[in-house]
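Trainee: Build me a model:
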Amino acid sequence: MVPGGDEIWGFPYIVLNGSESRSSVTFEYANQSDGVDHRTGERYPFYPIPDEAIWRPHLIQGGFPGNIDHRWDNDRHMLLVDGMNKQLYELDGVYFNQSQWRWEATSGAFFDLNSNAHRPEGWTSLTTAATCRPRVPTTLDGIMISSIQRFTS
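Mentor: Okay, here's the model as predicted:
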């Protein structure tokens, strides 16, 4: 936070413990998102989004809680870091639609930090640098990040 102000600098992320329940997300670009059966187009519980992201500010890029629709104002990325399983989930254009009681996003991606696997050819990476590899290992709250150099460009 900026001293004396409410503005947050940097990219917020949520550290998980590996036991969170999973949520389905409705995507604008489901054909390039993880958490969707690409044969049927059906979404399934995949993203470990904590319930507090619905109402708590500063867990999503831009600072507004999930239930405040500010998708027009910024990218609204949500980063979920599962330190126990060394996994990263990223949602872009995320919003919790209270009338439908569901999470919605432009797209979503999953990165297994134990692997060097890339997203399928031609799929969006959500951020232009999400699949870059580091020259040196990086830590994030004590979690060794060896597959992703940075989350956003």
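
Trainee: can we go C-alpha only for contacts and neighbour counts from here?
Mentor: OK.

Trainee: element containing the spatially most central residue of the chain?
Mentor: Ranked by distance to the mean C-alpha position of the chain (C-alpha atoms, centre = their mean), the top residue is Glu90 at 2.1 Å. Using DSSP states H and E, Glu90 sits within strand 87-92.

Trainee: so what strands line up beside that strand?
Mentor: Partners of strand 87-92 in the sheet, by DSSP bridges, are strand 78-82 (antiparallel), strand 107-112 (antiparallel).

Trainee: Now render the ones you listed as CSV, adding mean neighbour count, mean pLDDT and distance to Trp123.
Mentor: Listed next are the strands paired with strand 87-92 as CSV, based on neighbours: other C-alpha atoms under 10 Å; pLDDT from 0 to 100; distance: least, C-alpha to C-alpha, whole Å:
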stretch, mean neighbour count, mean pLDDT, distance to Trp123
strand 78-82, 23, 94, 18
strand 107-112, 22, 93, 10
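
Trainee: could those go into TSV alongside distance to Pro50?
Mentor: TSV is the format used below for the strands paired with strand 87-92 (distance: least, C-alpha to C-alpha, whole Å):
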stretch	distance to Pro50
strand 78-82	9
strand 107-112	16
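
Trainee: Relative to Phe46, which of these is closest?
Mentor: strand 107-112 (9.4 Å; C-alpha to C-alpha).

Trainee: how far is that closest one from where the chain is centred?
Mentor: 7 Å (C-alpha atoms, centre = their mean, to the nearest Å).

Trainee: Outside of it itself, list whatever touches it.
Mentor: 27-30, 32-35, 86-93, 125-126, 147 (C-alpha atoms under 8 Å, 6 or more residues apart in numbering).
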